[in-house]
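> From the sequence below, what's the structure:
(3 chains)
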Amino acid sequence: MTAAITPALALAVPGLGALLVGLTGRWPKLRETVTLVTALATFAVVASLAPGVLQGERPAVDLVEEVPGIRLALVVEPLGMIYALIASFLWIFNSIYSFGYLRANREHKQTRYYTCFAVAIASALGIAFSANLFTLFLFYEALTFSTFPLVAHKETPEAIRAGRIYLGILVFTSTCLMLLAIIWTYAVTGTVDFREGGILEGKVTPAVAAVLLVLFVLGTGKAAVMPLHFWLPAAMVAPTPVSALLHAVAVVKAGVFIVLKIAVFTVGVDFISRERLGDALCWLAGGTVIVASLVALTKDNLKARLAYSTVSQLSYIVLAAVMGSRLGIVGGSLHIAMHAFGKITLFFCAGAIYTAHHLTEVSDMRGIGRVMPVTTACFLVGALSVIGLPPLGGAWSKWFLGLAALEADRIALLGVFLVSSLLNVAYLLPIAIRGFIDEPTHAVLRGGVQEAPLACVLPIVVTAAGCLVLFVYPELVFQFSNQILR
Amino acid sequence: MIAPHLPALIVVVPLVAGLVALFLGRGHLPWLLTLLVTWAVFALSATLLGRVLVAGAPPVEYAMGSWPAPWGIVYRVDAVNAFVLTIVSGIAAVCAVFARLSVAAEIPAERWRFFYSAWLLCLTGLLGITITGDAFNLYVLLEIASLSTYTLVALGVQKDRRALTAAFRYLILGTVGATFLLLGIGHLYMKTGTLNMVDLADRLAGLQSDRVVLTAFALIVTGLGLKVALFPLHMWLPNAYTYAPSVVTAFLAATATKVGAYMTFRFLFTVFGLRVTFDFLSADVFLIGFSCLAILVASVLAIRQNNIKRLLAYSSVAQIGYIMLGLGLHNHASVTGAVVHVFNHAVMKGGLFLALGAVVYRLGGATIGELRGLGRRMPLTAAAIVVGGMGLVGVPATAGFISKWYLVAGCLHGDAWPLAVVILVGSILALLYVWRVVEALYFAVPENPSLPVREAPLALLVPTWVLIGASLYFGLHATFTVATAKAAAVALGVGE
Amino acid sequence: MEWFLQYHYNYLIYVVLMMIGLYGATAKPNLVKKVIALGMFQTAVFLFYISMAVKKGGTAPIYWEALREGQPYTNPLPHVLILTAIVVSVSTTAVALALVIAIKKEFGTVEADELGEFEEL
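Purely as a prediction, here's the structure:
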């Protein structure tokens, strides 16, 4: 009985936290304590679900009957578990990092910031545990709207314009493409539930299924498949902890998580593989991987470079979903976790560099390693993980993705992965290496060692360490990945 | 004793009260009477709805003055009009609570009793249109509602004298519309010799190619088009909504066009019947065409407005397009969507206009400039505007989403996916105009920061949040509204 | 055609009157003229209703003697309906004129094109 309401509790805790943060806004210390406690509690609740899920339990909660035949319902399954664990775990460190970052940069309206953050996490968990497309769409939109105030946080005309692009693209794609696909699915199958093996097979022709898959994938604007990616670089005006959340954890991972979930539970992996439904999307996502990497090379702004890197990495997971391979689902779900740890480290580093020395351009960061050795070392670790080199977590997911490409008989995709990894090396490694080797060119880097505040450095070290841990203990994630398809 | 006369009481009580209100002097007594009467009527309507919704129950019939049909006037209540009755009286009841302060601020005291009298007569008319089963009676009640509406709109003169010209324009177009309807009904009578809607439906069934019937159809559809403000016959609506007293705008936006939509349903589906309307006359082609234009053009026009009342007025024109689109598609899902949208839009728009009424109460106006930075100064009112606006966009967990879901499903059932795209693009356009308001509320500095602005009083906030809360509740738990709308669709002859 | 003109000319007249009324109500700039035209428009419809009730040589249905002799009678119902409609029309005119007076007081004119500058569309 108690276990049955836990998924709802996982949403309720951050929801309640948001309320408390709003009420304690007048006392910053108390507000931050509440945020941290909420984050810890949320992770504890989510983590408490994990052992049961591994043993094959699928705790489900029926919240309310929306309309006749469609219920707002939650269910916990391994894929959602991975995403929920990552999001709630990294929220803890993102919160600590936020305390340091927002204080050091004297940001305004911090109460709104923490409130929206908590709501966003609640929405992300809602997406993770949604039992049908209806519930999923509800939380997807909630995530979009709750993160708008975070993107437009600075309230400068530039920030508001970026916020409009962010909201415009995400709502446009979700409404005009994803919702259309959901209602279409409902119209032809009479259900919106997630079922193992998918619900479309036998109900629609392969051609319609392929169209639906395209609508679903492009409609998930958060997955940032080109040409619908440009909200992501635009949203870069947000404070860095937000970028870390947006571009590494909750938002973009929500996108690719949904793509995986729909591939597994709505369309069905076997259906995709047999009828090769994902051919068009393989081209699109494969192109995104390469093109976004090339664009990242040209960016001098560190956050912009990381944003394009994210666009590229997200399409790995989209490829994993649409190439029609069971191994791909394993690799894709692993990559959600591995990339999250790597990329959040990189964003944290970018924010730390900004906080300590107000540098944003890569060309100004030569010699940064002498001034911020810890940060730069962690940057190196994060970069290596994203590239996919041992002994870091990213190696495992790329390994499985490569195997999946072979299993799906798509050698070209293997090439895409390899070329993209080389490009990753080209745009990420020089930052760290030059940081250590080159003489500082920028005036502010001439002083002695000066790291960002401890609240910023600590999370960086933890997430960087996470990349290492995930290499040594990949089963932390793998045991879930392995159970997605039974 | 009351139970058998329930249908009559729904019309008679506000009618008598409307006359009594005139003699209650200059204080708040007329308001008190209005409040009591509207809530009583709401209770009656809800009872009636409960009675009709019992599975397998026949429509409730009531012969006025015990004259049986088809000679006498008969009230006939099925799931469709019981639902609309409840919507209209419910909105009126909530607005009546709001009215005391809002009217006191916008209308001079010596006119209050006229205001409430006109209000009650308008309510009488709207309820009467909905409940009656007699075509000519419908016309008379339509004119009662319309004439009192012109008066109500014109009473906004204290705030802005353009209320007068708006009311005049509305009067001309409204009367032209009603007269077209009268003429159409005359043609029907000429051909069939009856005015009873059920009788009409029976006798018209075999007459689809008759020229008199076709003329009647054209006249009635034109008249109804004017009354519901179906694009491009919407020209009277934006000004009337903009300059009417705030509470009147809320009431009209939530009920008058909805009753118009109900009349359209009744005439096209019941009186002429699906076969004549759609199979023979292909009325769906122009209904759908104009609806799409309404959704797209009116939404684009709404984006450009600076007066928020006018912005929402154009949004209403677009939303009427959604209702008419569902009607035009005439399959079970789409009609369910249209009927449920009648309810959902009434709740959302009513709530939004009430919230604007609260803004007007504090600031004297509701332009985008006056809304700047209001999120901090009137947080609850601003939040109501945001939630209501989200409903217009059709964000999940708001009532608007439920309507959108069924309308899009209706399009897909009718194999008309381009129409589904129109609906979805329409919600993006809605996002554009709603977002302008949201940005002004939360991401802009006030024009006049030194001006002391406090949160609206509870007497305004509570009714606003009742409607806004309802729009949330019926977005999360829409089984009741959807089930009722499905029953209504079946009553209109569109089964699953 | 000739037959139609001979026996149904009143329908023709109602259409003509109605069109004049519709034109005047929408196109005339003077508000009073609009009201007059609106009255014409409505009156035309009354004419239509009355026309359809008429029976050649018909008597009122209350003359029992005539009825008993088999004389046809005129349908009373449209007349009753039109009595109601006339009341509606008169009320409409009253409200309209009241509005015109108020407009004259507020704006100092009853010409739509002069009022146009106050309106915002």
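
> For the rest of this, base every contact and every neighbour count on C-alpha atoms.
Fine.

> which outside residues touch stretch B:268-279?
B:197-198, B:200-201, B:204-205, B:208, B:217, B:267, B:283-284, B:492-493 (C-alpha atoms under 8 Å, 6 or more residues apart in numbering or on different chains).

> Out of the residues you listed, which is nearest to A:A383?
Comparing the contacts of stretch B:268-279 against A:A383 with C-alpha to C-alpha places B:D284 closest, at 59.9 Å.

> Mind checking what helix or strand follows the helix or strand encompassing B:V247 in sequence?
Element membership of B:V247, judged by DSSP states H and E, is helix B:246-265. Sequence-wise, the next helix or strand downstream of helix B:246-265 (DSSP H and E) is helix B:273-274.

> Okay, buried residues for whatever helix or strand comes next after that following helix please.
Downstream of helix B:273-274, the next assigned helix or strand under DSSP H and E is helix B:283-293. Within helix B:283-293, the residues scored as buried using 16 or more other C-alpha atoms under 10 Å in any protein chain shown are B:A283, B:D284, B:L287, B:I288, B:G289, B:F290, B:S291, B:C292, B:L293.

> Could you dump those into JSON lines and include pLDDT?
Formatted as JSON lines, the buried residues of helix B:283-293 follow (pLDDT from 0 to 100):
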{"residue": "B:A283", "pLDDT": "83"}
{"residue": "B:D284", "pLDDT": "85"}
{"residue": "B:L287", "pLDDT": "89"}
{"residue": "B:I288", "pLDDT": "91"}
{"residue": "B:G289", "pLDDT": "92"}
{"residue": "B:F290", "pLDDT": "92"}
{"residue": "B:S291", "pLDDT": "92"}
{"residue": "B:C292", "pLDDT": "93"}
{"residue": "B:L293", "pLDDT": "92"}
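
> of those residues, closest to A:V249?
When those are ranked by distance to A:V249 (C-alpha to C-alpha), B:C292 comes first, at 39.9 Å.

> Wait, the closest one touches B:L424, no?
No - in this structure, B:C292 is not within contact of B:L424 by C-alpha atoms under 8 Å, at 11.3 Å.

> where's the residue nearest to the spatial centre of chain C, which helix or strand?
The centroid of chain C falls nearest to C:T43 when counting by C-alpha atoms, centre = their mean (1.4 Å). C:T43 belongs to helix C:31-53 when elements are defined using DSSP H and E.

> Tell me the buried residues in stretch C:93-101?
Within stretch C:93-101, the residues that count as buried by 16+ other C-alpha under 10 Å are C:T93, C:V95, C:A96, C:L97, C:L99, C:V100, C:I101.

> Let me see the mean pLDDT of the helix or strand hosting C:E114.
Following DSSP H and E, one finds C:E114 within helix C:112-115. Averaged over helix C:112-115, pLDDT sits at 79.

> so how far is that helix off the chain centroid?
Centroid separation for helix C:112-115 versus its chain: 26 Å, with C-alpha atoms, centre = their mean, to the nearest Å.

> Touching that helix from outside, list them.
So helix C:112-115 is in contact with C:P29, C:N30, C:L31, C:F107, C:T109, going by C-alpha under 8 Å, 6+ apart.

> Which strands and helices lie in contact with the longest helix anywhere in chain A?
Longest helix in chain A, counting residues (DSSP state H): helix A:326-357. Counting contacts by 3 or more C-alpha pairs under 8 Å, 6 or more residues apart in numbering or on different chains; DSSP states H and E, helix A:326-357 packs against helix A:78-104, helix A:240-248, helix A:250-262, helix A:302-322, helix A:373-387, helix A:394-407, helix A:454-472, helix A:475-484.

> Now render the ones you listed as JSON lines, adding mean pLDDT.
Compiled in JSON lines, those are given as follows (pLDDT from 0 to 100):
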{"stretch": "helix A:78-104", "mean pLDDT": "87"}
{"stretch": "helix A:240-248", "mean pLDDT": "80"}
{"stretch": "helix A:250-262", "mean pLDDT": "90"}
{"stretch": "helix A:302-322", "mean pLDDT": "90"}
{"stretch": "helix A:373-387", "mean pLDDT": "89"}
{"stretch": "helix A:394-407", "mean pLDDT": "87"}
{"stretch": "helix A:454-472", "mean pLDDT": "87"}
{"stretch": "helix A:475-484", "mean pLDDT": "83"}
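
> picking that back up, how far out from the middle of the chain is the helix holding B:V247?
Computed by C-alpha atoms, centre = their mean, the separation of helix B:246-265 from the middle of its chain amounts to 2 Å.

> ditto for stretch B:190-210
From the chain centre to the centre of stretch B:190-210 is a distance of 28 Å (C-alpha atoms, centre = their mean).

> farthest residue from the center of chain C?
Residue farthest from the centre of chain C, counting by C-alpha atoms, centre = their mean, is C:E69 at 35.3 Å.

> What score does it have for pLDDT?
81.

> Return the backbone torsion pair for it.
phi -80, psi 0 (degrees, to the nearest 10).

> now the chain, which segments are flagged as low pLDDT?
Just so you know, I chose chain A. Residue ranges of chain A with pLDDT under 70: A:1-4, A:445.

> um, chain C though
The model of chain C has pLDDT under 70 over residues C:117-121.

> Confirm that B:E61 sits in a helix.
No - assignment of B:E61 by DSSP: H, G, I helix; E, B strand; the rest coil gives strand, placing it outside any helix.

> can you tell me which residues contact it?
B:V74, B:Y75, B:R76, B:V77.

> quick one, what contacts A:K154?
Contact analysis of A:K154 by C-alpha under 8 Å, 6+ apart lists A:E107, A:H108, A:A238, A:P239.

> Which helix or which strand is home to it?
Here A:K154, judged by DSSP H and E, is contained in no helix and no strand.

> Look at the residue nearest to B:I323 when sequence neighbours are not counted and give its secondary structure.
Spatial nearest neighbour of B:I323, excluding adjacent residues (C-alpha to C-alpha, 6 or more residues apart in numbering or on different chains): B:A338 at 4.5 Å. Under three-state DSSP, B:A338 falls in the helix class.

> Can you tell me how far B:A338 is from chain C?
The gap separating B:A338 from chain C is 29 Å, by C-alpha to the nearest C-alpha, to the nearest Å.

> contacting residues around that residue?
Counting by C-alpha under 8 Å, 6+ apart, B:A338 touches B:Y322, B:I323, B:M324, B:L325, B:G326, B:L327, B:S403, B:L407.

> Filter those down to the ones in helices?
Counting by DSSP H, the contacts of B:A338 place B:Y322, B:I323, B:M324, B:L325, B:G326, B:L327, B:S403, B:L407 in helices.

> count of neighbours near the closest residue to chain B within the stretch 351-486 of chain A?
Nearest residue of the stretch 351-486 of chain A to chain B (C-alpha to the nearest C-alpha) works out as A:G351 at 24.4 Å. By other C-alpha atoms under 10 Å in any protein chain shown, the residues close to A:G351 number 27.

> Pretty sure it sits against A:A238.
No - judged on C-alpha under 8 Å, A:G351 makes no contact with A:A238 at a distance of 10.9 Å.

> how about the residues of chain C near chain B?
When proximity is defined by C-alpha under 8 Å from any C-alpha of the partner chain, chain C lies next to chain B at C:22, C:25-26, C:34-35, C:38, C:41-42, C:45, C:49, C:52, C:81, C:84-85, C:88, C:91-92, C:95-96, C:99-100, C:102-103, C:106, C:118-121.

> For the nearest residue to A:G221 once chain neighbours are set aside, list the residues it contacts.
Counting by C-alpha to C-alpha, 6+ apart, A:G221 lies nearest to A:L170, which is 5.2 Å off, once chain neighbours are set aside. Residues near A:L170 by C-alpha under 8 Å, 6+ apart: A:T144, A:T220, A:G221, A:K222, A:W231.
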